[in-house]
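Visitor: any chance you could fold what I've pasted below:
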Amino acid sequence: MKKLGIILLAALMLPVTAFSQDDAFFFNHLGVGVTAGLDGFGGEVGVTVNRNIQIRLGYSFSQLSTKNVPSYLQQPYGQYVAPYLSFPTESLPDDIKESFKIPDGSSLDLGGRTGTSQFKLLVDLYPSKTSLFHFTVGAFTGDSHLIDVWTEPLPCDPAEYNNAYIVLGGERVGTDKNGQIKADVRMAGMDYIWEGLKPYVGIGFGRAVPRGRVSLGLDLGALYNPAGFKVYTYNLDGEDVEITTDVVIRDIAGWDDAEVAKHQDIIDQVNKYKSFGWFPMTRLRLNVRIF
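Guide: The predicted structure follows:
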């Protein structure tokens with residue numbers, strides 16, 4: 001029994017010994033880690049391919065909502081930070097008030113959320129077997145929403161919820177069955193590859209499978225989405241309606257052709273910014289080698 005115990009202990013120590021002696025290794029070492037960065041908090045699992053390549057599979061999530069602000073922050077600053085941004089309906093344009101049957105003397109409350117959830121597959125390429133610096137290529141996939149905004153139920157007769165709407169871009173945009181108006185900003189889908197798929201390139205320091213037991217890491221890179229980001233809102237028929245720059249300046253701002261031509265340079269800059277496809281990404285990592 002004693003000999004059997006020694007043999008088992010030696011077998012368990014082999015991976016550690018092999019790794020520390022820099023022998024060749026192919027998928028025989030595993031690490032786990034926690035991450036925090038612009039993509040939120042998450043975890044990852046890393047495996048070795050050889051001395052110069054490691055693969056990471058991970059998940060990250062983030063969410064900051066006006067509904068989740070702690071109560072002790074709501075006073076005395078509640079009207080600014082939580083639970084909603086509230087403003088008098090007198091400040092709304094007349095056509096909006098008329099379309100949604102909103103009376104004067106009431107208030108409209110807005111809520112918001114920012115956050116995403118992403119799966120990621122990353123390949124780290126190390127210039128040498130002892131290097132901590134690495135190049136990274138891979139992809140993220142998951143929720144493409146960046147910001148969600150909504151109103152609380154409109155201050156009008158609930159019987160009007162399904163009848164209240166305005167026309168944007170030729171579509172009837174109104175409330176849902178609960179009397180809420182919703183809109184969101186999201187990365188435009190890459191439908192010709194896989195909607196929600198975002199290639200990633202970057203550099204970094206640290207190893208997902210440390211040479212020792214623990215490693216601190218830093219990732220610096222960017223997601224690429226050639227369509228940039230777009231703004232969408234709720235449609236009475238359940239379809240998403242894109243709020244383009246043209247919709248904003250013509251249907252919402254009410255500009256005519258002359259006014260559009262006068263501000264064409266600004267409009268072009270806005271469209272250029274919306275179509276910018278690179279989204280910066282940075283994250284800190286703490287990784288632990290399991291075997």
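Visitor: tell me which helix or strand of this structure sits lowest on mean pLDDT?
Guide: Using mean pLDDT, DSSP states H and E, helix 2-20 stands out as the lowest-scoring helix or strand of the chain, at a mean of 41.
Visitor: quick one: the helices in the stretch 101-250 of the chain?
Guide: All helices of the stretch 101-250 of the chain, identified by DSSP state H, counting those that start in this stretch, fall at 245-247.
Visitor: ok, which stretches of it are strands?
Guide: 107-114, 117-125, 133-142, 145-151, 165-168, 171-174, 182-187, 198-205, 214-224, 229-233, 241-242 (DSSP state E, counting those that start in this stretch).
Visitor: how about those strands in CSV, adding distance to residue 46 and mean neighbour count?
Guide: Just so you know, the C-beta spots here come from the backbone N, C-alpha and C atoms, and that holds for glycine as well. Converted to CSV, these look like this (distance: least, C-beta to C-beta, whole Å; neighbours: other C-beta atoms under 10 Å):
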stretch, distance to residue 46, mean neighbour count
strand 107-114, 28, 16
strand 117-125, 8, 19
strand 133-142, 11, 18
strand 145-151, 28, 17
strand 165-168, 47, 16
strand 171-174, 46, 19
strand 182-187, 26, 18
strand 198-205, 12, 18
strand 214-224, 10, 18
strand 229-233, 30, 18
strand 241-242, 39, 16
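Visitor: what about the stretch 1-150 of the chain, any weak spots by pLDDT?
Guide: Residue ranges of the stretch 1-150 of the chain with pLDDT under 70: 1-25, 67-84.
Visitor: avg pLDDT for stretch 253-263?
Guide: When pLDDT is averaged along stretch 253-263, the result is 88.
Visitor: swap in stretch 228-248?
Guide: On average, stretch 228-248 scores 86.
Visitor: so how far is that stretch off the chain centroid?
Guide: 19 Å (C-alpha atoms, centre = their mean, to the nearest Å).
Visitor: contact partners of it?
Guide: 146, 162, 165, 168-169, 171-176, 181-188, 267, 270-271, 274-277 (C-beta atoms under 8 Å, 6 or more residues apart in numbering).
Visitor: got it, and stretch 26-39?
Guide: Here stretch 26-39 makes contact (C-beta under 8 Å, 6+ apart) with 15, 18-19, 41-50, 58, 60, 62, 116, 118, 140, 207-210, 215, 217, 219, 280-291.
Visitor: if you count neighbours, what's buried in it?
Guide: Residues of stretch 26-39 classed as buried by neighbour count (16 or more other C-beta atoms under 10 Å): 29-33, 35, 37, 39.
Visitor: do the same with stretch 37-50
Guide: 37, 39-40, 42, 44-49.
Visitor: want to throw those residues into TSV with secondary structure and distance to residue 201?
Guide: Below are the buried residues of stretch 37-50 laid out as TSV (DSSP: H, G, I helix; E, B strand; the rest coil; distance: C-beta to C-beta, whole Å):
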residue	secondary structure	distance to residue 201
37	strand	16
39	coil	15
40	strand	20
42	strand	19
44	strand	18
45	strand	21
46	strand	18
47	strand	21
48	strand	21
49	strand	19
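Visitor: of the buried residues of stretch 26-39, closest to residue 155?
Guide: Distance to residue 155 across these (C-beta to C-beta) is lowest for residue 39, with 37.3 Å.
Visitor: any idea how far residue 184 is from that closest one?
Guide: Taking C-beta to C-beta, to the nearest Å as the measure, residue 39 falls 18 Å from residue 184.
Visitor: with residue 38 instead?
Guide: As judged by C-beta to C-beta, residue 38 and residue 184 stand 19 Å apart.
Visitor: next: residue 28.
Guide: 45 Å.
Visitor: residue 92 versus residue 107, what's the distance?
Guide: From residue 107 to residue 92 the distance is 10 Å (C-beta to C-beta).
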